[in-house]
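K.L.:
pasting the sequence and the predicted model now:
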Amino acid sequence: MLLMIFWVLAFWLTHMPMTDTSMVKGFLDFLPSPDKWVHAGLYFVLSALLANCLGRWIHSNGWMILLTLGITGCYAAADEYLQKFIPSRTCDFYDFLADMAGANIGLVTFLIWRTVRRRKRSFLNSQTIGKTSSSLAS
């Protein structure tokens, strides 16, 4: 559900004409190429949420990684292409690269988070089982 809400919000943000940027102007001026950071940030979150969603049904890391990057890559390409039909927006290959950089970093971050979470859960379960079996032996 969170994935769908975020995806609709991201679609809306990337497809509305940029007639007045005064609200955003100055917010990210401390970063080099703030537009690319916004692209990377959106796709970071999108990729992590998508990987989480796919990971619930696909238990092979390889397939989950391939599908996550394939879906985000196709969506990023379509997103950039469609922007050329929107006033004050352009289709930019470097925006696509920023999208994919964010998607890759989001996916790697998700995989690290999931691995740490699983190891922690496994460790806690082994501690609980150890306490239970030792109390039964007494």
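P.N.:
Nice, I can see it. As the structure is a prediction and not an experimental result, all values here were calculated from the model.
K.L.:
need the helices for the chain, in chain order.
P.N.:
Along the chain, counting by DSSP state H, helices occupy 2-15, 34-55, 61-83, 93-137.
K.L.:
pick the most buried one from these.
P.N.:
Neighbour counts (mean count of other CB atoms under 10 Å) averaged over each of the helices of the chain peak at helix 34-55, with a mean of 21. Where you see a C-beta, it was placed from the backbone N, CA and C, and this is true even at glycine.
K.L.:
give me the number of neighbouring residues for K84.
P.N.:
K84 has 10 neighbours, counted by other CB atoms under 10 Å.
K.L.:
wouldn't it be in contact with C91 here?
P.N.:
Yes. At 3.9 Å, K84 and C91 qualify as touching, with contact defined as CB atoms under 8 Å.
K.L.:
can I get the helices of the chain in a markdown table with mean pLDDT?
P.N.:
Listed next are those as a markdown table, based on pLDDT from 0 to 100:
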| stretch | mean pLDDT |
| --- | --- |
| helix 2-15 | 86 |
| helix 34-55 | 92 |
| helix 61-83 | 95 |
| helix 93-137 | 83 |
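K.L.:
contact partners of stretch 34-44?
P.N.:
Stretch 34-44 has contacts (CB atoms under 8 Å, 6 or more residues apart in numbering) with 10, 13-14, 27-28, 31, 72, 76, 94-95, 98-103, 105-106, 109.
K.L.:
try 6 Å this time
P.N.:
Stretch 34-44 is contacted from outside by A10, L28, L31, D95, A98, D99, A101, G102, A103, I105, G106, using CB atoms under 6 Å, 6 or more residues apart in numbering.
K.L.:
list the contacts for the fourth one?
P.N.:
With CB under 6 Å, 6+ apart as the criterion, the residues that contact D95 are H39, E80.
K.L.:
that's all I had, so thanks and see you.
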